[in-house]
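S.K.: Sequence and predicted model, in that order:
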Amino acid sequence: MTNRPTGSRPVATGNTDLIREDIERTRDDLGETMQALAGKADVKARTREAADRRKARARQKIITGVHQMQQQSQELAHKATERAHKATERAQRMRRRSAPVAAAASAAAAAAGTIIFLRRRRAARARARQRLWRLSR
């Protein structure tokens, strides 16, 4: 025969060994429950655990951020070296192209200078001839 108290387990009546086993199980359950309650009541330990979890999370975020920054800096350095090489190549091409242009510009300047010199010399000779002509009259 069993009676049902307010708990969920049937209580054995009559056999003392069964009753003792039931008492031991109940004590074990009660001990576990008390430990769980004590753990919840220990605010200091729970706070430490929460702080440790937050620290671990923060460390992981920092490590992830550092890795991302290193990767981005390597990518930017690679792009910068590529752009520097391209700029150097462009400058060399411009130098090669500018040599003929500079030579043509120098030739044009020399020709213009020669023409100006010759015209001024001709004009000076003409003025000198006019003076002589005026004096000779």
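M.R.: Looks like it came in fine.

S.K.: got the CA positions of stretch 78-89 in PDB?
M.R.: In PDB, the C-alpha atoms belonging to stretch 78-89 read as follows (Å, rounded to 0.1, in the frame of the first residue of the first chain):
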ATOM      1  CA  HIS A  78      49.900  46.300 -50.600                       C
ATOM      2  CA  LYS A  79      47.700  48.800 -52.300                       C
ATOM      3  CA  ALA A  80      50.100  51.600 -51.500                       C
ATOM      4  CA  THR A  81      53.000  49.700 -53.000                       C
ATOM      5  CA  GLU A  82      51.000  48.900 -56.100                       C
ATOM      6  CA  ARG A  83      50.100  52.600 -56.500                       C
ATOM      7  CA  ALA A  84      53.700  53.700 -55.900                       C
ATOM      8  CA  HIS A  85      54.900  51.300 -58.700                       C
ATOM      9  CA  LYS A  86      52.200  52.600 -61.000                       C
ATOM     10  CA  ALA A  87      53.200  56.200 -60.300                       C
ATOM     11  CA  THR A  88      56.900  55.300 -60.900                       C
ATOM     12  CA  GLU A  89      56.000  53.700 -64.200                       C
END
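
S.K.: what about that stretch, distance to the chain center?
M.R.: Stretch 78-89 sits 20 Å away from the centroid of its parent chain (C-alpha atoms, centre = their mean, to the nearest Å).

S.K.: same check, this time on stretch 50-61
M.R.: Here stretch 50-61 is found 23 Å from its chain centre; the criterion is C-alpha atoms, centre = their mean.

S.K.: repeat for stretch 90-105
M.R.: Using C-alpha atoms, centre = their mean, the mean C-alpha position of stretch 90-105 is found 40 Å from that of the whole chain.

S.K.: So what touches it?
M.R.: For stretch 90-105, there are no external contacting residues (C-beta atoms under 8 Å, 6 or more residues apart in numbering). For every residue, glycine as well, the C-beta is placed using N, CA and C.

S.K.: mind checking the SS state of residue 32?
M.R.: Counting by DSSP: H, G, I helix; E, B strand; the rest coil, the backbone at residue 32 sits in helix.

S.K.: Give me the pLDDT for it.
M.R.: If you check residue 32, the pLDDT there is 90.

S.K.: Mind jotting down where the helices sit in the chain?
M.R.: Ranges of helices in the chain, per DSSP state H, are 16-41, 43-136.
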